[in-house]
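Chemist: Provided below are the primary sequence and the corresponding predicted coordinates.
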2 protein chains.
Amino acid sequence: MQAELLEELVRPAHTKMLLVVLDGLGGLPLPEKNGQTELEAAHTPHMDALARTAELGLAHPVLPGVTPGSSAGHLALFGYDPTKHVIGRGVLEALGIDFPLESGDVAVRGNFATARFTPQGPIIIDRRAGRPSTEHCRALCQRLQEAIPQIDGVPVFIRPVKEHRFVLVFRDPALDPQVADTDPQAVEVPPLPPRALAPSAARTAELAARFLEQLSEVLHAEPSTNFALLRGFSRRPELRPFNQRFQLRSAAIALYPMYRGLASLVGMDVLKVPEETLKGQIDELRSAWENYDFFFFHVKATDSRGEDGDIAGKIQAIENFDQHLPLLLELRPDVLVITGDHSTPALYRGHSWHPVPYLLASRWARYHQDTTGFGEQACSRGALGHFPLVYNLNLMLAHAQRLAKFSA
Amino acid sequence: MQAELLEELVRPAHTKMLLVVLDGLGGLPLPEKNGQTELEAAHTPHMDALARTAELGLAHPVLPGVTPGSSAGHLALFGYDPTKHVIGRGVLEALGIDFPLESGDVAVRGNFATARFTPQGPIIIDRRAGRPSTEHCRALCQRLQEAIPQIDGVPVFIRPVKEHRFVLVFRDPALDPQVADTDPQAVEVPPLPPRALAPSAARTAELAARFLEQLSEVLHAEPSTNFALLRGFSRRPELRPFNQRFQLRSAAIALYPMYRGLASLVGMDVLKVPEETLKGQIDELRSAWENYDFFFFHVKATDSRGEDGDIAGKIQAIENFDQHLPLLLELRPDVLVITGDHSTPALYRGHSWHPVPYLLASRWARYHQDTTGFGEQACSRGALGHFPLVYNLNLMLAHAQRLAKFSA
């Protein structure tokens, strides 16, 4: 309902919008920082100045208490209800290695594993095969690809990701991806069979079973990487294109393939960034500025340091962005949002369910006179209150004067 | 769902509720007022005193980012989901001139326009016919009404509104209002034909086409007002009556016809106000106090000054209401709400999407000890937080002890 209403109200304008996603931005109070979060403890004079005339709030990517994966957080940021549009793990993994996924592909995440073979079948000894090197993973995938170019006429693609992880793709629009994971989530037990969750997925399950048989033959002499577990059988979701929904020309500036992939899923132009640094991203933004209405600008370092539990590193990543902020402000976006796709508190060392700090700067911001800076506490008392992150597009389009009045 | 639940819980009581709508109340921080909004900058000792023991909040009339029309804001205030009950522009325009709209009427908003007639048909030169005087509009409507009392047996009503605007009504319950606007939204192009948007609307479209033909004949000698554009073909929505839904005797005290019309649409008694001033409205309220449970009290000046971008004028309108507030408090309403139907920031010079300041005073208010006054910032940190304005009736009825406990 909300999505349809929004699309009916959209009208064109000449305003420019910039969505900066500091991945995993939200944090938790840190005892060693007198109860300040990473964002609050960071020295961020430019974001603080901006916050003084911006609208602040805390946004829930999915629902209170629900920890989002990266795809759910980004779908919400792009105005797609993440409880209605789910991106499978296989698809996300394929996007993460820039695999050119077609709409008829079934993508699967594979983990190399170690099995002991018994007359009753394989028994899983190590679900990650002792974390092989990424080089070894590459070599294995190449051998497998050469040995298994197709199964029963269906083209098969096997691509390395990192360490024990790889992507498996079956290319056939007639396949149904509803197949259960084969990972038993335990060792010293047999793997689960690739079981069809619907009658129409029987063939996909059979292809997966035959793939595992052939893989075992190819890798039987490997000391540890002699088996694989398959998870997240999925197909690209059919999402109504972002540009069509919101009458925009949009572009993504992101260094990590997964985020470029998410942007391309919704139909954004994904720009090449020759110099893979924050400065390089900004240079690309500046040179593309005139050609688009909406930019998605993704910064990964905040999330990575949070996952590592690296408090100083996350603070530094935030400060590094802040130092570059004046270059973004020089472009004079009509609407600038700085937020996260989820929280990754360094204290928690992983994605968390805490709502994300959200800052919206625009000529029409209803700012609070007593705001001193950008942080979780200021956001929780901000003019926007607590709100679902999927309203990000409502707010950006409204401040960009791209929504007509509703009803008479 | 929420509407049905609420109605199930309603029970009678002897409490009195007063809903004061300061139209377009919400504002934006004003640089010339040190970042205070119109409401914050206004000297409002009585509302400020009330706020100290009231519940404050910010309410969204439709959805975050969505700018409501006046009808949507009022429907929400009256407890009707504005995304489910839409009032057409033709109906709203008819309500605005106190036209006695019947349930079988199709109402249309007309704009006098200037056309150049070519062998291929009319070309629109001016979509507002150079904004004729309201007197001229009245004279034209009278001539048209005399010339076109009916078309093909369907009674036709043509009534002046203001300047280039008029209302056209076809009275026939068999007509379907689903006809597209004829306004091309551009000049030097032909008008759009009145096109049926459903097969059942073919006859309405034909009546509209014949009306335009006859209008052209009657007005062919007019130098500028020789044509018309038709918009917002609509019928009165069928709304379950307010009094029945909430077991109330309700009355509206409003000076502007459109707001009286909205109140009558939901079945409120619309009281006559002989002296058309705020004082006159209060006198009427006082004399009707014993006869009703619920009063809708509408003040227009705040919105009008906001639309004009008249900061001082909007502040003065707010201060003027504040000076009269003690007369309302003397009546000792059990529940008093002071809010808006939408924001009309003087800075924005029009309706905006910003949530509206909301104050609820009652014996059962969970007030904040540190509240100093009524304003957007205090409301954003108020006890009610941010909430959909359609919950206004929930809150008023609850504080009036007119809702039974839900479930055992």
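Modeler: Now that the structure is in, tell me what you want to look at. Numbers count the residues shown, from 1 in each chain, chains lettered A, B, ... in the order given.
Chemist: buried residues in the strand or helix carrying A:Gln323?
Modeler: Element membership for A:Gln323 (DSSP states H and E) is helix A:311-329. By neighbour count on 16 or more other C-beta atoms under 10 Å in any protein chain shown, the buried set for helix A:311-329 is A:Ile311, A:Gly313, A:Lys314, A:Ile315, A:Gln316, A:Ala317, A:Ile318, A:Asn320, A:Phe321, A:Asp322, A:Leu325, A:Leu328. Where C-beta positions appear, they are placed from N, C-alpha and C, glycine not excepted.
Chemist: now stretch A:264-275
Modeler: Applying a neighbour-count criterion of 16+ other C-beta under 10 Å, the buried positions in stretch A:264-275 are A:Ser264, A:Leu265, A:Val266, A:Met268, A:Asp269, A:Val270, A:Leu271, A:Val273.
Chemist: okay, now the sheet partners of whichever helix or strand comes after the helix holding A:Gln323, with direction.
Modeler: For helix A:311-329, the succeeding helix or strand toward the C-terminus, using DSSP H and E, is strand A:335-339. When sheet partners are counted by DSSP bridges, strand A:335-339 sits next to strand A:17-22 (parallel), strand A:356-362 (antiparallel).
Chemist: pLDDT of the shortest one, averaged?
Modeler: Within the predicted structure, the mean pLDDT of strand A:17-22 is 98.
Chemist: next one: stretch A:161-180
Modeler: For stretch A:161-180, mean pLDDT rounds to 96.
Chemist: and that stretch, how far apart are its ends?
Modeler: 21 Å (C-alpha to C-alpha, to the nearest Å).
Chemist: which non-adjacent residue is nearest A:Thr83?
Modeler: A:Val62 (6.5 Å; C-beta to C-beta, 6 or more residues apart in numbering or on different chains).
Chemist: is the one you found in contact with A:Pro82, as I believe?
Modeler: Yes - contact between A:Val62 and A:Pro82 holds when scored by C-beta atoms under 8 Å: they sit 5.5 Å apart.
Chemist: overlap of the contact sets of those two?
Modeler: Residues touching both A:Val62 and A:Pro82 comprise A:Pro68, A:Ala72, A:Ala76, with contact defined as C-beta atoms under 8 Å, 6 or more residues apart in numbering or on different chains.
Chemist: where does the first one land in three-state SS?
Modeler: Meaning A:Pro68. In terms of secondary structure, A:Pro68 is coil; the call rests on DSSP: H, G, I helix; E, B strand; the rest coil.
Chemist: tally of neighbours for it?
Modeler: The number of residues packed near A:Pro68 is 23, by other C-beta atoms under 10 Å in any protein chain shown.
Chemist: now do A:Pro149
Modeler: For A:Pro149, which is what you asked about, the neighbour count (other C-beta under 10 Å) is 11.
Chemist: quick one, grab the pLDDT at the residue nearest to A:Thr83.
Modeler: For A:Val62, the model assigns a pLDDT of 97.
Chemist: try A:Met1
Modeler: Model confidence at A:Met1, expressed as pLDDT, equals 61.
Chemist: same thing with A:Pro257?
Modeler: A:Pro257 carries a pLDDT score of 87 in this model.
Chemist: what sits closest to it if chain neighbours are left out?
Modeler: With C-beta to C-beta, 6+ apart as the measure, A:Asp98 is the residue that lies nearest to A:Pro257, at 4.6 Å, once sequence neighbours are left out.
Chemist: what sits against the one you found?
Modeler: For A:Asp98, the contact set (C-beta under 8 Å, 6+ apart) comprises A:Pro257, A:Arg260, A:Gly261.
Chemist: from those, which ones fall inside strands?
Modeler: Counting by DSSP state E, no part of the contacts of A:Asp98 is found in strands.
Chemist: make JSON lines from those and add neighbour count to it.
Modeler: Compiled in JSON lines, those are given as follows (neighbours: other C-beta atoms under 10 Å in any protein chain shown):
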{"residue": "A:Pro257", "neighbour count": "17"}
{"residue": "A:Arg260", "neighbour count": "23"}
{"residue": "A:Gly261", "neighbour count": "26"}
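Chemist: which SSE is the residue nearest to A:Thr83 in?
Modeler: Counting by DSSP H and E, A:Val62 is found in no helix or strand.
Chemist: just A:Pro155 next, same as before
Modeler: In the assignment (DSSP H and E), A:Pro155 maps to strand A:154-162.
Chemist: check which helices and strands that strand sits against.
Modeler: Helices and strands touching strand A:154-162, as assessed by 3 or more C-beta pairs under 8 Å, 6 or more residues apart in numbering or on different chains; DSSP states H and E, comprise helix A:89-96, helix A:134-147, strand A:165-171.
Chemist: span of stretch A:221-231 from start to end?
Modeler: Across stretch A:221-231, the straight-line distance between its terminal residues is 24 Å, by C-alpha to C-alpha.
Chemist: quick one: buried residues of it?
Modeler: A:Glu222, A:Ser224, A:Thr225, A:Asn226, A:Phe227, A:Ala228, A:Leu229, A:Leu230, A:Arg231.
Chemist: show me the strands in chain A, by range?
Modeler: With strands called from DSSP E, chain A shows them at A:17-22, A:55-60, A:105-118, A:121-126, A:150-151, A:154-162, A:165-171, A:227-234, A:250-253, A:269-270, A:294-299, A:335-339, A:356-362, A:385-388.
Chemist: for the first one, which outside residues touch it?
Modeler: This points to strand A:17-22. Where contact means C-beta under 8 Å, 6+ apart, the residues beyond strand A:17-22 that reach it are A:74, A:77, A:259, A:285, A:293-299, A:302, A:317-318, A:321, A:328, A:331, A:333-341, A:392, A:396-397, A:400.
Chemist: buried subset of those residues?
Modeler: In terms of neighbour count (16+ other C-beta under 10 Å), the buried residues within the contacts of strand A:17-22 are A:74, A:77, A:259, A:285, A:293-299, A:302, A:317-318, A:321, A:328, A:333-341, A:392, A:396-397, A:400.
Chemist: in chain A, which residue sits closest to chain B?
Modeler: Of chain A, the residue with the smallest distance to chain B, taken as C-beta to the nearest C-beta, is A:Asn394 at 2.9 Å.
Chemist: and the residue located most distally from the centre of chain A, what is it in contact with?
Modeler: Farthest-out residue of chain A from its mean C-alpha position, per C-alpha atoms, centre = their mean: A:Pro119, at 42.2 Å. Taking C-beta under 8 Å, 6+ apart as the criterion, A:Pro119 is in contact with no other residue.
Chemist: more neighbours, A:Val62 and A:Pro82?
Modeler: Counting neighbours by other C-beta under 10 Å for A:Val62 and for A:Pro82 shows that A:Pro82 has the greater number, 24 against 21.
Chemist: excluding chain neighbours, what is closest to that one?
Modeler: Closest residue to A:Pro82 in three dimensions, ignoring its sequence neighbours and counting by C-beta to C-beta, 6+ apart: A:Ala72, at 3.8 Å.
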